[in-house]
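**Q** A predicted structure for the sequence below; I have some questions about it.
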Amino acid sequence: MNIVVDGYNICYKTTGTGDKTVVILQGWGTDLGVYDSVAGVIDGSRYRVIQFDFPGFGGSDEPKEPWDVDGFADFFCRFMEVMQVKQATLIGHSYGGRVIIKLAARESIPFEITNIILIDSAGVLPVRTTAQKWKIRKYKILKKFLNLKLIYAMFPEVIDDWRSRQGSADYRNATPMMRQCMVKAVNEDLTELLPRIRQEVLLIWGDQDTATPIRDAHIMEEKIPNCGLAVIPGTGHFSFLEKPAQFRGIMEAYLK
């Protein structure tokens, strides 16, 4: 289904008929269908589950300007108003967790967050080794040099090939607009916002996650006042897909 929010055509779907609402906020570069298995473990007789694509994700329109995380959080508030949701449990995977942290730390929003589930959530800035810092410095120097008009005119194909191989897979696969949004997100550390979260928070994490390592989960568990951590051994950044039975058990126990 589609709905128009602030002029953006947004893909979404709902399942369940319950009188409580759960909204799933997706990870970067995914589409809402990736979270069908998450929605599937939620009791549809008790909950209505909403899945949607952020602007620039899946089948939704792309932002008209490069948004930071607050931009996506502002959009989500408008989405909830259009969907007429006044109260909800929020589930966020990866980037979706970033947006939830931003919302939960605000003084006021136009709906109530009853509780939060963060799955392999982003938001904590990674600790970079000396070697990684030097690699980034070399990249910036080389990028500045290759962007010189004279140099590019001499070796356009070589430079274009080099550019196409830089950054993460998510960055390489993104459009120019979404690349700008992504850069704004990954360079922002939300650690200082964690103590402001007033809601009960459940963290679900894969101990082999390399995108948002288990270290991030322990930082969140320590800094969020009312927080618990459930680890799914042997899983990575998509822990809910890698061991669905264990994920189902955690979710069912928590939501009951």
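**A** That came through fine.
**Q** So for residue 229, what's the pLDDT?
**A** Listed pLDDT for residue 229 reads 98.
**Q** for the stretch 1-150 of the chain, which spans come out with low pLDDT?
**A** Residue ranges of the stretch 1-150 of the chain with pLDDT under 70: 127-150.
**Q** And the stretch 151-256 of the chain, by the same measure?
**A** Residue ranges of the stretch 151-256 of the chain with pLDDT under 70: 151-173.
**Q** And the helices in it, which stretches?
**A** Using DSSP state H, counting those that start in this stretch, the helices of the stretch 151-256 of the chain run over residues 156-164, 169-173, 176-186, 214-223, 239-242, 244-255.
**Q** Pick the most deeply packed of these.
**A** Among those, helix 239-242 has the highest mean neighbour count (mean count of other CB atoms under 10 Å), at a mean of 20. (Each C-beta comes from the backbone N, C-alpha and C, glycine too.)
**Q** Identify all contacting residues around it.
**A** Outside helix 239-242, the residues within contact range by CB atoms under 8 Å, 6 or more residues apart in numbering are 34, 37-38, 93, 119-120, 204-206, 209, 232, 234-236, 247.
**Q** gap between it and the chain center?
**A** Taking the mean of its C-alpha atoms, helix 239-242 sits 15 Å from the chain's own mean (CA atoms, centre = their mean, to the nearest Å).
**Q** how about it as CSV, C-alpha atoms only?
**A** Only the C-alpha atoms of helix 239-242 are listed here, as CSV (Å, rounded to 0.1, in the frame of the first residue of the first chain):
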residue,chain,number,x,y,z
SER,A,239,20.5,-11.7,13.9
PHE,A,240,16.7,-11.9,13.5
LEU,A,241,17.2,-13.6,10.1
GLU,A,242,20.1,-15.8,10.9
